[in-house]
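1. Here is a sequence with its predicted model. Questions after.
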Amino acid sequence: MNNVSNRTSSIARGINTAFWFNKLKAFFTVDLLILTVSFGVFGYNSCKSIPEEETVTKFTLSGEGYKNMVLNLFTDAGSYSFPMQQYIQFIGIILAAIIAYQLLNLLGSFSHTSRIRRQLKPLNELALKAEAISEVPLDTTKFEELEEAILKVPADSNGARIFTGDQDLASIEAALNNLLYRMQEARKQQTRFVDDASHELRTPIAVIQGYANMLDRWGKDDPAVLEESITAIKNESENMKELIDQLLFLARGDNGRQKLTMEKIDLSEVMREVWEESSMIDSDHKYLFDGADDAFINADQAMIKQSVRIFVQNSAKYSPKGNNIKLSVKKTADSVSYVVQDEGIGIAGEELSHIFERFYRSDKARNSSSGGSGLGLSIAKWIIDAHKGTVEVLSRQEIGTRITVSFGMEQ
């Protein structure tokens, strides 16, 4: 373990080498710059002592040893010599001071890099282990075992799982089995949706065909049969159109093609509009309304109104004549909610968790002549989810149902 800790990875060695190389290069560049600038200043001062009418054509350095070095300037009229002993002594003192500072800086860098190395020790050990792993020849046996286990899983088998028995592959197996489970559930849901849709469409088609045959046999001469057949065909056609519209709505929602037009709306105004139209078209129930001031949310107004209508129509279907249906809006510090409450037959506890499933209808709804397709609540739930809202359903049999839908408040 100590040998691993004292070693450095190739990445760390590369960073360390680059750091010291750049450090020394910077020091050398500074020293060279100081020598060049100081020599230029000395040459400039020497040139100023030459008569102005003469022009320097070249220069040379001569002398034995740096103490006796002389700068020779040649002009078009003659030559001049300038001893450099005092200049060299002055520059020597400056360079000595600078080099001393650079040495101290290097010592400080040693201490700084040692501290950084200690702090990055875990990363260095991780890099060493990674390098050690990369040097081990790749064993593809386990991957072949996993591939073979995947190929053995039947494509159309529910509940099938991948299993190799190798502990090293356990985490990969769990992830793949989780993905496989979700794919199987999605396929089952799609199959169930298609089967239910086919069943729901088959009923109105069968009714229309039956009345069409009856018309063909007796309706031509019997006004009563003709009237009954036309009424039934119109009703079933309307039901089938509504069902197809609902299916298309959900299909667009699933594919992400159902667009929302978001704007700032007053939820109380939306609820008031639904209350007014419900009171006008349904005289069998008494509709009550309780609004709230400044109940603003960011939403698609048409979609929100559609969700409210679905809940209100559902309440009307399963509430006896003369009962109250109350629409209200409530505000809290950070949310706005609408509530639809009825005094109807209620929903059994075991059915509450299923009411938003597509084509789901409770036993009472199935036995009712106004049972509907079982898609309305699914559409309402999709609208609420698309607006990042929440829905809470509280219901007691023979007492009634209260549905509360909450949204974040528009700032």
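-> Yep, it's here. In this text, all values refer to a predicted model and were calculated from it rather than measured experimentally. Numbering: from 1, shown residues only.

2. Strands of this structure, residue ranges please.
-> With strands called from DSSP state E, the chain shows them at 56-62, 70-75, 79-83, 263-266, 286-290, 296-299, 324-331, 335-342, 390-396, 400-408.

3. Select, out of those strands, the one closest to Arg118.
-> Across the strands of the chain, Arg118 has its closest neighbour in strand 400-408 (49.2 Å, CB to CB). For the C-beta atoms, the positions are set from N, CA and C on the backbone; glycine is no exception.

4. Output the strands of the chain in a markdown table; the columns should cover mean neighbour count, mean pLDDT and distance to Leu352.
-> Written out in a markdown table, the entries for the strands of the chain read as follows (neighbours: other CB atoms under 10 Å; pLDDT from 0 to 100; distance: least, CB to CB, whole Å):
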| stretch | mean neighbour count | mean pLDDT | distance to Leu352 |
| --- | --- | --- | --- |
| strand 56-62 | 11 | 83 | 102 |
| strand 70-75 | 16 | 83 | 103 |
| strand 79-83 | 15 | 82 | 105 |
| strand 263-266 | 15 | 95 | 29 |
| strand 286-290 | 15 | 97 | 24 |
| strand 296-299 | 21 | 95 | 26 |
| strand 324-331 | 19 | 96 | 19 |
| strand 335-342 | 22 | 96 | 15 |
| strand 390-396 | 15 | 95 | 6 |
| strand 400-408 | 20 | 95 | 9 |
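
5. Could you dump the ones you listed into TSV with distance to Thr36 added?
-> As requested, these are exported to TSV (distance: least, CB to CB, whole Å):
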stretch	distance to Thr36
strand 56-62	14
strand 70-75	15
strand 79-83	18
strand 263-266	70
strand 286-290	89
strand 296-299	68
strand 324-331	78
strand 335-342	74
strand 390-396	75
strand 400-408	69
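
6. To Ala348, which of those strands lies closest?
-> Closest among the strands of the chain, once you apply CB to CB, is strand 390-396, at 8.3 Å.

7. what sits opposite the closest residue to His387 other than its chain neighbours in the beta ladder?
-> Using CB to CB, 6 or more residues apart in numbering and skipping the chain neighbours, the partner closest in space to His387 is Ala299 (5.3 Å). On DSSP bridges, the residues paired with Ala299 through beta bridges are Glu263.

8. just checking, Ala299 touches Met409?
-> No. Taking CB atoms under 8 Å as the contact criterion, Ala299 and Met409 are not neighbours in contact, 11.3 Å apart.

9. C-alpha coordinates for stretch 380-396, CSV please?
-> In CSV, the C-alpha atoms belonging to stretch 380-396 read as follows (Å, rounded to 0.1, in the frame of the first residue of the first chain):
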residue,chain,number,x,y,z
ALA,A,380,-58.8,15.4,-17.2
LYS,A,381,-55.8,13.8,-15.5
TRP,A,382,-53.7,14.4,-18.5
ILE,A,383,-54.6,18.0,-18.6
ILE,A,384,-53.8,18.4,-14.9
ASP,A,385,-50.4,16.7,-15.3
ALA,A,386,-49.6,18.8,-18.3
HIS,A,387,-50.1,21.9,-16.1
LYS,A,388,-48.0,20.3,-13.3
GLY,A,389,-51.1,20.3,-11.1
THR,A,390,-52.2,17.8,-8.5
VAL,A,391,-55.6,16.2,-8.0
GLU,A,392,-57.1,14.8,-4.8
VAL,A,393,-60.2,12.7,-4.7
LEU,A,394,-62.2,12.2,-1.5
SER,A,395,-65.3,10.0,-1.8
ARG,A,396,-67.8,8.2,0.4
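
10. Please read off the pLDDT at Ile162 from the model.
-> For Ile162, the model assigns a pLDDT of 78.

11. next one: the one 10 residues further on
-> If you check Ile172, the pLDDT there is 79.

12. Can you report how many residues lie near it?
-> 15 (other CB atoms under 10 Å).

13. Please tell me how far it sits from Leu151.
-> For Ile172, the distance to Leu151 (CB to CB, to the nearest Å) stands at 15 Å.

14. Next: Leu35.
-> As defined by CB to CB, Leu35 lies at a distance of 75 Å from Leu151.

15. quick one, which of the two is more surrounded?
-> Taking Leu35 and Leu151 together and counting by other CB under 10 Å, Leu35 has the greater number of neighbours (13 against 8).

16. contacting residues around the closest residue in space to the more buried one that isn't next to it in sequence?
-> The shortest distance from Leu35 to any non-neighbouring residue, by CB to CB, 6+ apart, is to Ile91 (6.9 Å). Taking CB atoms under 8 Å, 6 or more residues apart in numbering as the definition of contact, the neighbours of Ile91 are Ile34, Leu35, Ser38.

17. can you give me the helices for the stretch 101-250 of the chain?
-> Listed in chain order, the helices found in the stretch 101-250 of the chain under DSSP state H, counting those that start in this stretch are 121-135, 141-151, 170-214, 223-254.

18. least reliable of these going by mean pLDDT?
-> When mean pLDDT is averaged over each of the helices of the stretch 101-250 of the chain, helix 121-135 scores lowest at a mean of 64.

19. How is the chain partitioned into domains?
-> Taking automatic domain parsing as the criterion, the chain consists of the domains 2-132, 168-254, 263-408.

20. What separation do you get for Met280 and Ile297?
-> Using CB to CB, we find Met280 at a distance of 25 Å from Ile297.

21. what do you get for Phe407?
-> 5 Å.

22. Now do the shared contacts for those two.
-> Both Phe407 and Ile297 are contacted by Leu267, Val336, His387, under the criterion CB under 8 Å, 6+ apart.

23. would you turn these into TSV with distance to Met69?
-> Shown next, in TSV, are the shared contacts of Phe407 and Ile297 (distance: CB to CB, whole Å):
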residue	distance to Met69
Leu267	94
Val336	91
His387	88
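
24. Tell me the one among those residues nearest to Asp290.
-> The shortest gap between Asp290 and any of the shared contacts of Phe407 and Ile297 belongs to Leu267, at 12.4 Å (CB to CB).
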